[in-house]
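[1] pasted the sequence and its predicted model underneath.
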Amino acid sequence: MFQKKNYFTVVIGLLILSFAAACNVTDSDDDEGDENGLPIDDPEFSSEYVFNVSLSAGDHVVELSFGQIEGASNSYDPGIDLEAPPAPPDDIIHAWFQNDGRNLFKDFRDQANAESVWSINIDASGHETIYVEWTSNIVELPGNVALTNVDGVIVGDAVDEISVEISDDQLDGLQFEFIAN
């Protein structure tokens, strides 16, 4: 009889824990968030901005756009994002963002993200230097956008600067990163 009672106690306890987990109930008052304490997807947080980026080498230019805008999700959005065509011939620079398994020329994200990262893939096609230039349309930017390298070092502050020159050996791991204040 004692074993049967313990068995039911354990089963009922597991059912209660499963139900609490399914309802996302915890016994902690800690709010989860990023390293700044901001929730990753807070409906009260909003930012809106667009950066237009030109990457050039020689006579060849690739145009990219990224930012956080109304109506965008964190995945590919038909009608908002723009897929990149296949790579051009070998001697022409090619660049794209990758999101949701797609190569994109335009990649916009949800306004409620307190942190967003756009990794830039660049095929320099034998060019030793890539010139990266950008303009922005900032409606609301409660944070900072920077171009960083694989080590997290800021290559260019996208709000205060408008361009950088990057050698072909510095192309791996480049990304634009938005972090809320």
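    Perfect, I can see it now.

[2] ok, E48 touching Q111?
    Yes - the pair E48 and Q111 passes the contact test of C-beta atoms under 8 Å, sitting 5.8 Å apart. C-beta here means a position set from N, CA and C on the backbone, and glycine is covered the same way.

[3] give me the common contacts of these two.
    Counting by C-beta atoms under 8 Å, 6 or more residues apart in numbering, the contacts common to E48 and Q111 are Q68, I69, E70.

[4] which one of those residues sits closest to P86?
    Here the nearest of the shared contacts of E48 and Q111 to P86, counting by C-beta to C-beta, is I69; it sits at 26.6 Å.

[5] can you report how many residues neighbour the closest one?
    19 (other C-beta atoms under 10 Å).

[6] apart from its chain neighbours, what residue comes closest to it?
    F108 (4.8 Å; C-beta to C-beta, 6 or more residues apart in numbering).

[7] who's more crowded, E48 and Q111?
    More neighbours surround Q111 than the other of E48 and Q111, with 20 against 15 (other C-beta under 10 Å).

[8] does that one touch G67 like I think?
    No - Q111 is not in contact with G67 according to C-beta under 8 Å; the separation is 9.4 Å.

[9] list residues touching both of these two?
    Contacts common to Q111 and G67, judged by C-beta under 8 Å, 6+ apart, are E48.

[10] my reading is that D169 lies in a strand. Confirm?
    No - under DSSP: H, G, I helix; E, B strand; the rest coil, D169 falls outside any strand and is assigned helix.

[11] quick check: it vs E128, distance?
    With the distance defined as C-beta to C-beta, to the nearest Å, D169 ends up 9 Å from E128.

[12] helix or strand: which one has the residue nearest the centre of the chain?
    Closest residue to the average C-alpha location of the chain: V117 at 2.5 Å, with C-alpha atoms, centre = their mean. Secondary structure assigned from DSSP states H and E places V117 in strand 115-123.

[13] longest strand in this protein, please.
    With DSSP state E setting the assignment, residue counts place strand 129-140 as the longest strand in the chain.

[14] and the angle from that strand to strand 115-123?
    Using axes from the mean of the first three to the mean of the last three C-alpha atoms, to 10 degrees, the direction of strand 129-140 lies 160 degrees away from that of strand 115-123.
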